[in-house]
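Enquirer: sequence and predicted structure, then a few things I'm wondering about:
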Amino acid sequence: MKVHFIAVGGAVMHNLALALHKKGYNVTGSDDEIFEPALSALASRGLLPPEPGWHPGRIKDDIDIVILGMHAKPDNPELLEAVRKGIRIMSFPEYIYEETRNKRRIVVAGSHGKTTITAMIMHVFRNLGLIFDYMVGSSIKGFDTMVSLSDDSSFAVLEGDEYLTSALDRRPKFHLYMPHIAILNGIAWDHMNVFPTFDNYIEQFRILTEKIADGGTLIYFEDDPEVKKIALSAGSNISKKPYRVHGYFQNREGFFGATHSRIVPLKIFGEHNMQNLSAAKEACLSAGIAEDDFYRAIESFEGASGRLQKLFENGNGVAFLDFAHSPSKVKATVEAVADRYPRSNLIACLELHTYSSLSAGFIPLYRGTLDRAAAAFVCFNPHAFEIKKLEPLSKEKVREAFGEKQVNVFSDPSEMFRNLAGKHFKSPVYLLMSSGDFGGCDLVRTAKGLLSA
């Protein structure tokens, strides 16, 4: 099988390329820009394109399938050449479905917690020696790639992203996966560039419930009113399992999950993670895993990369990195860290990076999200407004959007970190939140610097 990737540098795209290469397929690809970690990962397998850019000559007659990434535009020269030659063109969600169509698919959806829940299920399955396919939106400890496809697995665990599939297919990705077990963990408006109203956004999750296979299962967070409304209106051809935040407590010894009959020491923390854990537990039980086995396996789960990931810790304090970027995610993450470190000074640092977070009509939704922090810092890159074709926001507008609490606003992440370095907070816990990369800053080095005083 010969497969060519258009926009091979994407997070899932390059991992799918690696997975197919591992299966023995002949894999090629193109992209106009490829950054780390995709750059090194592709190069190490000999899959890095010989030069950047789009080259119609790479679309050979013997290619079986072209896999099209979201980064590619409708007028992409390689895409047009593939169309001209009549080569089969698929998005990566279409391809993932084709590869897993004879397997039992678990699809994790929701505005927050998708990656962590998916990673929890993957961790439990692997810990119990199960063979399964997977696709997840972040690197997970113990897994070489973010995508794996095999010929001898009976399950597929898939993170269900609601963003659009490709330039040729404007459906949300998760509409293509046709789950047997679906998780709906929470709904908070996001991606306003493609879902201009909250009602339009909610509708995508309702449609997802229609895609669940007859006799399948919808696992839903019943304390989210929008989720509950969708679940209760879903068809009678599926079973419905509600869940709530798992019981927990914390002390100086650590963070513990708790039920009426057991106490489980955990390596993760935060109420939002206890919601995630409940979802993962119900999915695993629906897949036939015993409750005792689930709890034994979940004890060793350390989280997904970039999800409350510990960057550095010493006697002075600790620094975490989190993917939080939407208002609900930012608030939940700040509260989790504030609760876990009540005797420390929480220093919250947020980069506004997404289309929604940089939009004048959306940014007021951040009001109050950083209030639990002892000090709050927000940064953005002015160039991002040009790229996303948005009207620039002033520092004053950003400061006003976050509310009455004093928020330090910077138009350069490096300037923000330089300012932080001169503050010398007592017993600090630095929480760096972004779906971007803070302008390419070396965050581990930055964390060590901030905690070196």
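Expert: Now that the structure is in, tell me what you want to look at. Numbers count the residues shown, from 1 in each chain.
Enquirer: check contacts around the closest residue to L80 other than its chain neighbours.
Expert: The spatial neighbour of L80 that comes closest, neighbours along the chain excluded (C-beta to C-beta, 6 or more residues apart in numbering), is P56 at 7.4 Å. Every C-beta, even on glycine, is put in place using the N, C-alpha and C of the backbone. Taking C-beta atoms under 8 Å, 6 or more residues apart in numbering, we find P56 in contact with P77, E78, L80, E81.
Enquirer: so what's the residue count around the second one?
Expert: The number of residues packed around E78, counting by other C-beta atoms under 10 Å, is 23.
Enquirer: packing partners of the helix or strand harbouring it?
Expert: For E78, the host element (DSSP states H and E) is helix 77-85. With contacts defined as 3 or more C-beta pairs under 8 Å, 6 or more residues apart in numbering; DSSP states H and E, the packing partners of helix 77-85 are strand 2-6, strand 65-68, strand 88-91.
Enquirer: next structured bit after the longest one?
Expert: Counting by DSSP H and E, the next helix or strand C-terminal to strand 2-6 is helix 11-22.
Enquirer: report the angle between whichever helix or strand comes after that following helix and helix 11-22.
Expert: Once the chain leaves helix 11-22, the next helix or strand it forms, by DSSP H and E, is strand 26-30. With axes from the mean of the first three to the mean of the last three C-alpha atoms, to 10 degrees applied, the angle from strand 26-30 to helix 11-22 works out at 150 degrees.
Enquirer: can you start the count at 2 instead of 1 from here on
Expert: That works, and once the first residue is 2, the last one we named lands at strand 27-31.
Enquirer: may I have the strands that pair with strand 27-31, each with its orientation?
Expert: Strand pairing for strand 27-31, determined by DSSP bridges: strand 3-7 (parallel).
Enquirer: now the angle from the strand it pairs with to helix 78-86?
Expert: Using the same axes, to 10 degrees: strand 3-7 against helix 78-86 is 130 degrees.
Enquirer: tell me the gap between strand 3-7 and the middle of its chain.
Expert: 25 Å (C-alpha atoms, centre = their mean, to the nearest Å).
Enquirer: dump the C-alpha coordinates for it into CSV.
Expert: Extracted C-alpha coordinates of strand 3-7, given in CSV (Å, rounded to 0.1, in the frame of the first residue of the first chain):
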residue,chain,number,x,y,z
LYS,A,3,1.4,3.4,-1.0
VAL,A,4,0.0,6.4,0.9
HIS,A,5,0.8,10.1,0.5
PHE,A,6,0.1,12.7,3.2
ILE,A,7,-0.7,16.3,2.2
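Enquirer: and the residue of the chain most remote from its centre, backbone torsions?
Expert: When distances are taken from the C-alpha mean of the chain, D62 lies farthest, 36.1 Å away, according to C-alpha atoms, centre = their mean. D62 adopts backbone torsions of phi -70, psi -20, taken as degrees, to the nearest 10.
Enquirer: and the residue lying closest to it once chain neighbours are set aside, how many neighbours does it have?
Expert: Excluding its sequence neighbours, the residue lying closest to D62 (C-beta to C-beta, 6+ apart) is K86, at 6.6 Å. By other C-beta under 10 Å, 13 other residues sit near K86.
Enquirer: same check on E314?
Expert: Neighbour tally, E314, other C-beta under 10 Å: 13.
Enquirer: so it bridges to which residues?
Expert: V319.
Enquirer: surely it touches A320?
Expert: Yes: taking C-beta atoms under 8 Å as the definition, E314 is a contact partner of A320 at 7.4 Å.
Enquirer: can you give me the strands in the stretch 152-301 of the chain?
Expert: With strands called from DSSP state E, counting those that start in this stretch, the stretch 152-301 of the chain shows them at 156-160, 165-167, 170-173, 182-185, 218-222, 240-244, 249-252, 255-259, 264-267.
Enquirer: how far is the last one from where the chain is centred?
Expert: Taking C-alpha atoms, centre = their mean, the mean C-alpha location of strand 264-267 is offset from the chain mean by 25 Å.
Enquirer: pLDDT on it, on average?
Expert: Mean pLDDT, strand 264-267: 98.
Enquirer: and the first one, by the same measure?
Expert: In this model, strand 156-160 has a mean pLDDT of 98.
Enquirer: who does it touch, helix- and strand-wise?
Expert: Against strand 156-160 (3+ C-beta pairs under 8 Å, 6+ apart) you get helix 93-101, strand 105-110, helix 115-128, strand 133-136.
Enquirer: no more questions from me, cheers.
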